[in-house]
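> sequence? don't have it. structure:
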């Protein structure tokens, strides 16, 4: 079974500041990890994913995340926040191997960007 | 060229009614899902179909019944709607194994039961 904990339901940053959204996971098998973004009244859009290989993954819109197995973490960062980054961000996990179709989401972190 | 399309986008209905939400994907994916997002934004899987076969059926009231006529379509029928069914329902699709693609989501159907 897999689960995800997102620390902080709301993160507020100033435009140009570092964005750090925290995600810790639990998985009984090697995990696949994802970050999704949801803009108001829209569906979810994939930002980036970790499956195997390089532990630092780069995604769209300047975001990146690092898989740290020892810390069971997959935190999302962006060096400089932009007003357009304001949205809800979801971390998600699924199991690797076999036929594991289920993606389990965290409760989300609302990012607000102040001018 | 919408990849995953849901209809309707908004649905307002009275308690006790029966309603359906339709989903279609043109990505050639073999697996489709229904997720429910509640008022606190929490996303919970309801059902999943792989090549028209039901593979995930979470603890969902029997009033909810999915139907997949082919692998490009997954519909959700809800009987005897209740106030607690008010939520945003998302359809998604993926290729088997998730590893390469993750999910592609539709834009959601906002269901309001009054």
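Happy to help now that I have it. Just so it is clear, the model here is predicted, and its values are computed rather than measured.

> Contacts only, for residue 106.
Reading this off chain A. If you count contacts by Cβ atoms under 8 Å, 6 or more residues apart in numbering or on different chains, residue A:106 has them with A:4, A:5, A:6, A:23, A:90, A:91, A:92. Heads up, the C-betas are built off the backbone N, CA and C, glycines and all.

> that answer is for a different chain, and I need it for chain B
A:43, B:4, B:5, B:6, B:23, B:90, B:91, B:92.

> just checking, the first one touches residue B:109?
This points to residue A:43. No. Using Cβ atoms under 8 Å, residue A:43 is not in contact with residue B:109, being 10.3 Å away.

> what residues are shared contacts of the two?
residue B:90.

> my read: residue A:90 touches residue A:45, true?
No. In this structure, residue A:90 is not within contact of residue A:45 by Cβ under 8 Å, at 10.2 Å.

> residue closest to the middle of chain B?
Closest residue to the average C-alpha location of chain B: residue B:34 at 3.0 Å, with Cα atoms, centre = their mean.

> wait, is it part of a strand?
Yes. Assessed with DSSP: H, G, I helix; E, B strand; the rest coil, residue B:34 lies in a strand.

> Bridged to it, which residues?
Going by DSSP bridges, residue B:34 is paired in beta bridges with residue B:47, residue B:91.

> what sits against it?
B:23, B:45, B:46, B:47, B:48, B:66, B:74, B:76, B:89, B:90, B:91.

> Can you pull out the residues in contact with the helix or strand bottoming out on mean pLDDT in chain B?
In chain B, the helix or strand scored least confidently by mean pLDDT, DSSP states H and E is strand B:53-57, which has a mean of 84. For strand B:53-57, contacts defined as Cβ under 8 Å, 6+ apart pick out A:99, A:101, A:102, B:31, B:33, B:45, B:47, B:48, B:49, B:66, B:68.

> Looking at those residues, which are in strands?
Judged by DSSP state E, these include B:31, B:33, B:45, B:47, B:48, B:49, B:66, B:68 as members of strands.

> hmm, which two among those are most spread apart?
Distance extremes for the ones in strands among the contacts of strand B:53-57: the farthest pair is B:45 and B:68 at 15.3 Å, using Cβ to Cβ.

> Just want to check the distance between residue B:22 and residue A:112.
34 Å (Cβ to Cβ, to the nearest Å).

> before we move on, what about residue B:23?
31 Å.

> Next: residue A:89.
11 Å.

> ok, now residue A:1?
Applying Cβ to Cβ, the value for residue A:1 to residue A:112 is 33 Å.

> Also residue B:80?
For residue B:80, the distance to residue A:112 equals 39 Å [Cβ to Cβ].
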